[in-house]
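>>> Build me a model:
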Amino acid sequence: MFSRRFVLAATLAAFVAPGLARPALADDGKLPVVASFSILGDFVKQVGGDRVGVTTIVGPDADSHVYQPTPADAKKLTAAKIIFVNGLGFEGWAERLAKASGTKAEIVVATKGITPRKADEDEHDHDKDHGAKGHDHDHDHDHDHDHDHDKNGHKHDDHDDHKHEGHNHGDQDPHAWQSVGNAKIYVTNIRDALIAADPAGKDSYTANAAAYTAKLDALDADVKQAISKIPQERRRIITSHDAFGYFADSYGVAFISPDGVSTESEASAKDVARIIRQIKAEKIPAIFIENVSDPRLMERIAKETGAKVGGALYSDALSDDKGPASTYIEMIRFNANALSNALSQ
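Okay, here's the model as predicted:
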């Protein structure tokens, strides 16, 4: 019996012309670049400016943890000169997609140089680091049970063939962009990769990166100011999954989650019961629902505890152009203001 991975690779390969050479520049004269997901795509656009044509694989409000590549994605890779990925185990599908596509593009890991957090810090260490009360929420997830529905209620097929393939990040937390300090490292790596691929654009890429880094410095100061308005004892919230560990480390807010680091890591009944007891005992003030997560679990917890639903936080994806978080800077500022508004009262 053929595995799902083999079938995926064969399907993608069938749609890609063998030996297709990567172009130096696209027909519009721009450097063709692919970014694995929307947040990374925005970084590349900010640094690349008018010289770069950016295509994103996983778009706005979409979940990279559970993404399944398509033949159209393979074609995007064959047309690229550079493929930017987050790394740290975030895009479990990226390596096999690149292999199936036959792309000759340079693959650049944008988190190079970032010190990764351990994934278990997300589950156990926030309270110790940020002054909240000790929490009894060690996770007993059974990662082998089926996940029947996605955020839209659609059933996932073939999970028995590849349970969590590509969605278990191991011992590293991949959500490094949640720290604005880390975002500046992404920008440096992107700048250097673009210069290497397009030396004629060095001055442009250098100037764009410097201007964007200055904006990130201002953003970092704004986030610290917004969080400073929250009383220390109220800096504890519940979120859908552990995507905010780097934010917590940088800005001093404890994020508690019934799920793991991946959105496909489901909470057991024991985990949910423990979270409910914890909210009631410690009077945790707010629950936030992430834009890429199924809201039903968090709504149930809110109903059973009386905790306020503080709204949505943007974790692994931007909003679309009409939303409040269509760029990275808008996303971080939106999240900081949402936290401040919900927890300061």
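>>> could you pull out the helices for the stretch 51-200 of the chain?
Counting by DSSP state H, counting those that start in this stretch, one finds helices in the stretch 51-200 of the chain at the ranges 71-78, 94-101, 119-124, 126-130, 180-197.
>>> could you dump those to CSV with distance to Ala221, mean neighbour count and mean pLDDT?
(Each C-beta comes from the backbone N, C-alpha and C, glycine too.) Shown next, in CSV, are the helices of the stretch 51-200 of the chain (distance: least, CB to CB, whole Å; neighbours: other CB atoms under 10 Å; pLDDT from 0 to 100):
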stretch, distance to Ala221, mean neighbour count, mean pLDDT
helix 71-78, 37, 20, 95
helix 94-101, 34, 20, 93
helix 119-124, 25, 20, 53
helix 126-130, 20, 17, 38
helix 180-197, 9, 21, 98
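>>> residue ranges with poor pLDDT in the stretch 151-300 of the chain?
Filtered on pLDDT under 70, the stretch 151-300 of the chain yields the residue ranges 151-170, 240-241, 258-267, 291-295.
>>> which residues of it fall in strands?
Secondary structure of the stretch 151-300 of the chain (DSSP state E, counting those that start in this stretch): strands at 172-173, 236-238, 254-256, 286-290.
>>> highest average neighbour count across these?
Mean neighbour count, computed with mean count of other CB atoms under 10 Å, is highest for strand 236-238 among the strands of the stretch 151-300 of the chain, reaching a mean of 26.
>>> which helices and strands does it pack with?
Judged by 3 or more CB pairs under 8 Å, 6 or more residues apart in numbering; DSSP states H and E, strand 236-238 is in contact with strand 254-256, helix 269-282, strand 286-290, helix 328-343.
>>> So which of these is nearest Tyr67?
Using CB to CB as the measure, strand 286-290 is the one of the helices and strands packed on strand 236-238 that comes nearest Tyr67, at 15.5 Å.
>>> what sits opposite Gln172 in the beta ladder?
In this structure, Gln172 has the following beta-bridge partners (DSSP bridges): Lys118.
>>> give the contact list for it.
Each residue near Gln172 by CB atoms under 8 Å, 6 or more residues apart in numbering is listed here: Leu88, Gly89, Pro116, Arg117, Lys118, Ala119.
>>> Kindly report the same for Asp222.
Going by CB under 8 Å, 6+ apart, Asp222 touches Arg333, Ala336.
>>> that older thread, of the contacts of Gln172, closest to Ala72?
Looking across the contacts of Gln172 and measuring by CB to CB, the closest to Ala72 is Gly89, at 24.3 Å.
>>> how about the CA coordinates for stretch 68-81, as CSV?
Extracted in CSV, the C-alpha atoms of stretch 68-81 (Å, rounded to 0.1, in the frame of the first residue of the first chain):
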residue,chain,number,x,y,z
GLN,A,68,-1.3,20.2,2.6
PRO,A,69,0.7,21.3,-0.5
THR,A,70,-0.9,21.2,-3.9
PRO,A,71,0.5,20.8,-7.4
ALA,A,72,0.1,24.6,-7.9
ASP,A,73,2.5,25.1,-5.0
ALA,A,74,5.1,22.9,-6.7
LYS,A,75,4.9,25.1,-9.8
LYS,A,76,5.5,28.2,-7.6
LEU,A,77,8.7,26.6,-6.3
THR,A,78,10.0,25.7,-9.8
ALA,A,79,9.6,29.4,-10.8
ALA,A,80,11.5,30.8,-7.8
LYS,A,81,15.1,31.7,-7.4
